[in-house]
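Undergrad: Structure for this input, please:
(one chain, ligands or ions: 2)
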Amino acid sequence: MYGLGLLKGLSVTIRYAFKKPFTVQYPETKLKTQPRYRGYEFVWYEDRCTGCASCAKYCPLGIIKIVTKRAPEANIGGKYALDIFDIDTGRCMFCALCVEACPYDALFMGVNYERASYTRGGLVVHIDELRNAKKMPSAFLRPNLEVQAGKYTEESSLNPNEAGR
Ligand code: SF4
Ligand code: SF4
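TA: Ligands and ions are numbered 1, 2, ... in the order given. This is a model prediction of the structure:
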């Protein structure tokens, strides 16, 4: 029948017009992320990091840059001091192999996703940003964080003792 397609299309429009919307007005409203969500950030605990560079070696894209030096209080089994710990998130595919490779639970995927930049350089996360960022590690690859990661608020920050195994 002529016009049947139009009526079918309109019926879909009308059906959805009266349903509760499942979109939100971002950024005024934000959806709560799931505990294992891999956001657009990394959470790094310098206190736990030895500078072993396993994460950098495992990254298939080679986008983690680490420069270390002997720590003043260095001893056998101790840790290096870190001068550079940069991650070029503009090239990152968020595979989390670096997180999996870290033997000391110093590196985590984070649950934040608001780190857009107008430049490629702005996508590189430098050591000071990692140091000073709020710590909201994802439970991805860290099931011990499942409970905490489900309760984050805007102000949350996990200290290294809570985050480690
Ligand atoms: S998530 Fe994957 S690509 Fe990104 S830094 Fe880690 S290992 Fe490299
Ligand atoms: S984050 Fe983990 S794997 Fe990377 S240098 Fe530090 S301790 Fe080693």
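
Undergrad: A56: what secondary structure?
TA: helix (DSSP: H, G, I helix; E, B strand; the rest coil).

Undergrad: Around ligand 1, which positions in the chain sit nearby?
TA: For the chain, the residues in contact with ligand 1 (Cβ under 6 Å from any ligand atom) are 59, 61, 63-64, 87, 92-98. The C-beta positions use only the backbone N, C-alpha and C, and glycine is treated the same way.

Undergrad: among those residues, which are in strands?
TA: 64, 87 (DSSP state E).

Undergrad: Distance-wise, check the residue lying closest to G51 once chain neighbours are set aside relative to C49.
TA: Spatial nearest neighbour of G51, chain neighbours left out: Y80 (3.3 Å); criterion: Cβ to Cβ, 6 or more residues apart in numbering. Y80 sits at a distance of 9 Å from C49 (criterion: Cβ to Cβ, to the nearest Å).

Undergrad: out of these two, which sits in the busier spot?
TA: Set Y80 next to C49 and count neighbours by other Cβ atoms under 10 Å: C49 wins out with 23 against 17.

Undergrad: how about that one, what does it touch?
TA: Residues in contact with C49 (Cβ atoms under 8 Å, 6 or more residues apart in numbering) are 79, 82, 85, 104, 106-107.

Undergrad: okay but the residue nearest to G51 is in contact with K69, surely?
TA: Yes - Y80 lies in contact with K69 (Cβ atoms under 8 Å); the separation is 6.6 Å.

Undergrad: Verify the stated contact: V111 with F42.
TA: No - using Cβ under 8 Å, V111 is not in contact with F42; the gap is 11.1 Å.
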